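Trainee: Give me a 3D structure for the following:
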Amino acid sequence: MKLYLDRQKLLKVARDNRERYAGARPFPHIVLDGLFPDDALSPVLEEFPDPASSVWKEYQSYHEGKLETQGEENIGAFTSLLLYQFNSAPFLHFLEELTGITGLIPDPYFYGGGLHQIPRGGKLGVHADFSRHGRLALDRRINVLIYLNRDWKDEYGGHLELWATDMSRCIERILPIYNRTVIFSITDWAFHGHPEPLTCPEGMTRRSIALYYFTNGRPAGETLPGKGSTLFMQRPGELVPAGTIFSRDRYTGVKGAMMQPVSTRASRLVLSAKLVVKNLTPPILLDLVRYLTKGR
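Mentor: Residues are numbered from 1 along each chain as shown. Got it, this is the predicted structure:
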């Protein structure tokens, strides 16, 4: 298999766009079309597993309906080798030059990454990603999303939405068309997702490659103390069912959090405080507090 990553070409793209990346709002990001040759992505589509295949891990809740591969051993040979190239030095140099984040480490486990697929009716609520690797003592710093959707129309939905850090509004909507790459920096305030259910034709799915990159340590103030995993957020005016869990971490989920619209920084801090208290307080003590305050 040939090397599909041209180091010099990638470095030129990075240098030409690093200021645009750093200055993007609501958080550093960039959208690049045609970054990869077609013969690098077409075979991935040919090997892409059917939604009914057993290779997928399914996430199904109020916030999401999506499929995700776990590791590279269950995907096609070409796709697996291409993923290894995304973990190679040429691509790491490109990301470091583009983002200004040095010492990037790829993920040999593709933890939470690899191939993603969302069927008609599926969605992914606005969220902040997990910020620590599940198996390694590393901090998640960069997301790379490569979309694989030929002939994708605006009316199908599935736009990647980037939201303001106070969750007051959506700042940018990105259509997930074929050979479109989105790169963005990860903090606990980098809220993104596609919260509206897909309306693509039956049998059509929203397909992508997801790649995550890490460092050993990170600048202070980029993460929320006590946050254990992906944290879903409410949009302004959105009411969710009572008892909805906002965290994927079953031990630290925030249940029934804030049925009122979220629109201010103060509201974000209230949710943050609730999460910290929930994470750091032993369940037996929480039960005691509920019992003592019942009826007051």
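Trainee: How is this protein partitioned into domains?
Mentor: For the chain, automatic domain parsing gives the domain ranges 7-215, 234-293.
Trainee: among those, which is the most enclosed?
Mentor: Most buried of the domains of the chain by mean neighbour count (mean count of other CB atoms under 10 Å) is domain 7-215; its value is a mean of 18. C-beta: built from backbone N, CA, C; applies to glycine.
Trainee: just how off-centre is it within its chain?
Mentor: Taking CA atoms, centre = their mean, to the nearest Å, one finds the center of domain 7-215 at 7 Å from the center of the full chain.
Trainee: For beta bridges, what are the partners of Thr65?
Mentor: You called it Thr, but residue 65 is Gly. Here Gly65 shows beta-bridge partners Gln60, assigned using DSSP bridges.
Trainee: That one reaches Ile118, doesn't it?
Mentor: Yes: if you go by CB atoms under 8 Å, Gly65 and Ile118 touch, sitting 6.8 Å apart.
Trainee: Helices of the stretch 1-150 of the chain, residue ranges please.
Mentor: Here the stretch 1-150 of the chain has its helices, by DSSP state H, counting those that start in this stretch, at 7-23, 38-47, 77-86, 89-99.
Trainee: Packing partners of the third one?
Mentor: Applying 3 or more CB pairs under 8 Å, 6 or more residues apart in numbering; DSSP states H and E, one finds that helix 77-86 contacts helix 38-47, strand 205-215.
Trainee: Quick one: mean pLDDT for that helix?
Mentor: Mean pLDDT, helix 77-86: 96.
Trainee: So which helix or strand of this structure has the lowest pLDDT on average?
Mentor: Lowest on mean pLDDT, DSSP states H and E among the helices and strands of the chain sits helix 265-280, with a mean of 45.
Trainee: Centroid-nearest residue for this structure?
Mentor: Asp129 (5.5 Å; CA atoms, centre = their mean).
Trainee: ok, it - contacts?
Mentor: Contact analysis of Asp129 by CB atoms under 8 Å, 6 or more residues apart in numbering lists 140, 143, 186, 190, 230.
Trainee: quick check, nearest of those to His93?
Mentor: Asn143 (17.8 Å; CB to CB).
Trainee: which ones are touching that closest one?
Mentor: Asn143 neighbours (CB under 8 Å, 6+ apart): 129, 182-184, 186, 210-212.
Trainee: so, if you compare these, which one comes nearest to Lys153?
Mentor: For the contacts of Asn143, the nearest to Lys153 is Val182 (18.5 Å; CB to CB).
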